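> Kindly generate the corresponding structure for this input.
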Amino acid sequence: MPWYPIDSHNRIPEMQKKPNSEFGKMKRNLIVGTRKTHKYVENHKVSDYLVPYTSSGCTAMCLYCYLVCNYNKCSYLRLFVNREQMMERLLRESWKCSVPCTFEIGSNSDLVLENTITSNLEWTIPEFARRGRGSITFPSKFDMVDPLLGLDHQGKVIFRMSVNPKEIIRRIELGTSPLERRIEAVNRMCEAGYPVGLLIAPVILVEDWKSQYLELLETLSEKLTEKVKKQMFLEIILMTYSYIHRAINSEAFPAAPELYDKTLMTGRGRGKYCYSQEARAGAEVFLQEQTDRIFGPGKILYIS
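Purely as a prediction, here's the structure:
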């Protein structure tokens, strides 16, 4: 494969000049460099801190991806080679906390996907388990978990699988694992002793969203093992969309569904859209009621 030296992984003029229609092809580039930003950001959901780690961007092409807001059409996969430096910082921070904290290491990328290239998770998990305090966590939309099953994680690694209805995965979460394989993966990770959770994210209010998300919940109830259902927590996140997404998707994926709905969405910050308070309230009530009915109360950690 051809290799080209670059000055900055964020600003590559040859890539920035490409038209939006090239977005899918741009995702086939792999950017390798050194991570220079190591700022931890406080978080108050599953984790206590968001941690810059070994990658950002992704090869998948989810039509709503929040990384597109940060990197525009240059949201291709970046790998950072200074993993030892990042791990030492993580270990120091884990011991500084007055109580054991949880560190989100997968907020900028999908580490299960990255692991197929770098094996970084196979190094990170036992290293943190051996030397760290508290927990690390990461979410995924991929099922390639075989290399993680036999690792010595000591219960310090929380694995979270992102799920959506089958049709939304097929038409909107392009290049990711299908629902059935995601469910199999989280079952296997739980059986291997990992604490696990599920993200229903992002919830997209398509025309028949109630029937699709009800079917998703029923499928999860049927296919998840009893062990997973007993210990899991649920995160539910409604979709945020943007002007940048609309511009790229219309040119790169002209046959894809239109995710912007002016009857349900309102402006949120600069160039972003979110569901109106009325639409959100209806979705939250429906998802809360159906989740409580199917899985019992107390499973939802938060809805945002």
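
> what's the lowest-mean-pLDDT helix or strand in the chain packed up against?
Within the chain, confidence by mean pLDDT, DSSP states H and E is lowest for helix 67-71 among all helices and strands, at a mean of 85. Here helix 67-71 touches helix 243-252, going by 3 or more CB pairs under 8 Å, 6 or more residues apart in numbering; DSSP states H and E. C-beta: built from backbone N, CA, C; applies to glycine.

> Give me the contacts around the least confident helix or strand of the chain.
Outside helix 67-71, the residues within contact range by CB atoms under 8 Å, 6 or more residues apart in numbering are Asn10, Ser56, Gly57, Cys58, Ser75, Asn108, Ser242, Ile244, His245, Ile248, Lys272.

> which among these end up buried?
When the contacts of helix 67-71 are checked for burial by 16 or more other CB atoms under 10 Å, the buried set is Ser56, Gly57, Cys58, Ser75, Asn108, Ser242, Ile244, His245, Ile248, Lys272.

> Tell me the one among those residues nearest to Gly197.
Nearest to Gly197 among these: Asn108, at 18.9 Å, using CB to CB.

> got the contact list for that closest one?
Taking CB under 8 Å, 6+ apart as the criterion, Asn108 is in contact with Pro52, Tyr53, Ser55, Ser56, Gly57, Leu67.

> Report pLDDT for the first one.
Right, the one you point to is Pro52. The model reports Pro52 with a pLDDT of 95.

> Dump the buried ones among the contacts of helix 67-71 to TSV, plus pLDDT.
Formatted as TSV, the buried ones among the contacts of helix 67-71 follow (pLDDT from 0 to 100):
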residue	pLDDT
Ser56	94
Gly57	93
Cys58	93
Ser75	90
Asn108	93
Ser242	95
Ile244	94
His245	95
Ile248	95
Lys272	93
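
> In CSV: those residues, plus distance to Ser162.
What follows is the buried ones among the contacts of helix 67-71, written out as CSV (distance: CB to CB, whole Å):
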residue, distance to Ser162
Ser56, 17
Gly57, 16
Cys58, 12
Ser75, 17
Asn108, 15
Ser242, 19
Ile244, 21
His245, 18
Ile248, 21
Lys272, 20
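
> Just the closest of those to Lys18, please.
Taking CB to CB as the measure, Lys18 lies nearest Ile248 of the buried ones among the contacts of helix 67-71, at 11.1 Å.

> Give me the nearest residue to that closest one, chain neighbours excluded.
Excluding its sequence neighbours, the residue lying closest to Ile248 (CB to CB, 6 or more residues apart in numbering) is Asn20, at 4.7 Å.

> one step back: from the contacts of helix 67-71, pick the one nearest Met1.
Distances from Met1 to those, taken as CB to CB, are shortest for Gly57 (17.9 Å).

> I'd say the closest one and Tyr76 touch.
Yes: under the criterion of CB atoms under 8 Å, Gly57 makes contact with Tyr76 at 5.2 Å.

> if I look at the two, which residues touch both of them?
Ile31.

> For Asp261, see how far away His245 is.
Relative to Asp261, His245 is positioned 13 Å away (CB to CB, to the nearest Å).

> Could you do Lys18 as well?
Noted for Lys18: a distance of 29 Å to Asp261, by CB to CB.

> now Tyr4
Distance of Tyr4 to Asp261, given as CB to CB: 40 Å.

> neighbour count winner among those two?
Asp261 (16 against 8; other CB atoms under 10 Å).

> all helices for the stretch 201-304 of the chain, in order.
209-223, 226-231, 243-252, 277-295 (DSSP state H, counting those that start in this stretch).

> after the least confident helix or strand of the chain, next one along is what?
The helix or strand immediately downstream of helix 67-71 is strand 77-80, counting by DSSP states H and E.

> mind saving the C-alpha coords of that following strand as PDB?
C-alpha atoms of strand 77-80 as PDB (Å, rounded to 0.1, in the frame of the first residue of the first chain):
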ATOM      1  CA  LEU A  77      -9.600   6.200  11.300                       C
ATOM      2  CA  ARG A  78      -6.600   7.600  13.100                       C
ATOM      3  CA  LEU A  79      -4.300   5.300  15.000                       C
ATOM      4  CA  PHE A  80      -2.000   6.800  17.700                       C
END
